[in-house]
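# Build me a structure from this.
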Amino acid sequence: MSERLNKYLARSGVASRRAADALIASGAVLVNGRRPPPDGMLIEPGTDRVEVSGRQVSPPERHSYLALNKPAGYVTTAADPGSRPTVQELVVATTRVFPVGRLDMDSRGLLLLTDDGELANRLAHPRYHVAKEYLATVDGTPGENDLRALRAGVELDDGRTAPAEVEVLGNARGRTQLRVVLHEGRNRQVRRMLEAVGHPVRDLQRTAYGPLRLGRLKEGDWRRLRQPEVEALRKAAGLG
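Purely as a prediction, here's the structure:
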């Protein structure tokens, strides 16, 4: 059955669909020895030969799914031009895996890595409303007006955010711990939202991504997902 070239590249673990579009437009991709149109094309898996920068690629027979408890101080990329440590240095996989979404360098917690491009694309896309849960420690004590604003949506420089779930968990020494659940994934969104209502984040940890929870996984450690966890993620992304 034919499929779009960018989807095939994503399933092959080369890049997300959006990044695959850029790869195709750059001329790095060949199909049967020829450059495809910049906007991609349909291919026949198992029949057409697809190469990226001279290397033949194809989807793996089995995908890898890893959960990492990311420490602060690591960037969520495969490689960093500034030579900062990356999350790729923390995991070992038999195939090339890439992070689903991002956690900024100063944040920690649950990060999913996989070579399943279709699932990664859906989990990260706001269209599918896959929840992401965080524990945020902020300066001061957010009042009812602050909480109401976060729950309704906050105006940021790239537009109003979708409504968030926000729960106050406790206060100590001039700081407050909040549970925050988002259904979209903008850059540094939790930090920006809380800064916008006057309560800068001092510590941020992601504790869940859809049905997948951080649990007792130690900081800096990773594990392979169990099959029921993979199936639950696929269902959350509308693939079940």
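# Mind listing the residues bridging to residue 67?
Beta-bridge pairing of residue 67 under DSSP bridges involves residue 112, residue 223.
# That one contacts residue 213, doesn't it?
No. With contact defined as Cβ atoms under 8 Å, residue 67 and residue 213 do not form a contacting pair (9.1 Å). From N, CA and C alone the C-beta is placed, and that goes for glycine too.
# so how far is the host helix or strand of residue 235 from its chain's centroid?
According to DSSP states H and E, residue 235 maps onto helix 227-236. How far helix 227-236 lies from its chain's middle: 16 Å, per Cα atoms, centre = their mean, to the nearest Å.
# The residue most central in space within the chain and residue 80: what is the separation?
When Cα atoms, centre = their mean is applied to the chain, the residue found nearest the centroid is residue 101 (1.5 Å). According to Cβ to Cβ, to the nearest Å, residue 101 and residue 80 sit 17 Å apart.
# and for the helix holding residue 235, what are the contacting residues?
Helix 227-236 has contacts (Cβ atoms under 8 Å, 6 or more residues apart in numbering) with 65, 112, 119, 123, 128, 130, 210-212, 225, 240.
# swap the cut-off to 10 Å and go again
Defining contact as Cβ atoms under 10 Å, 6 or more residues apart in numbering, one finds that helix 227-236 is touched by 63, 65, 67, 100, 112, 114, 116, 118-120, 122-123, 128-131, 209-213, 223-226, 239-240.
# filter these to the buried ones?
When these are checked for burial by 16 or more other Cβ atoms under 10 Å, the buried set is 63, 65, 67, 100, 112, 114, 116, 118-120, 122-123, 130, 209-210, 212, 225.
# part of a helix, is residue 47?
No. In this structure, residue 47 is coil, not part of a helix, as judged by DSSP: H, G, I helix; E, B strand; the rest coil.
# just use 311 as the starting number from now, easier for me
Got it, the first residue is 311 from now on, which makes the last one we talked about residue 357.
# these two touch, right, it and residue 313?
No. Using Cβ atoms under 10 Å, residue 357 is not in contact with residue 313; the gap is 11.6 Å.
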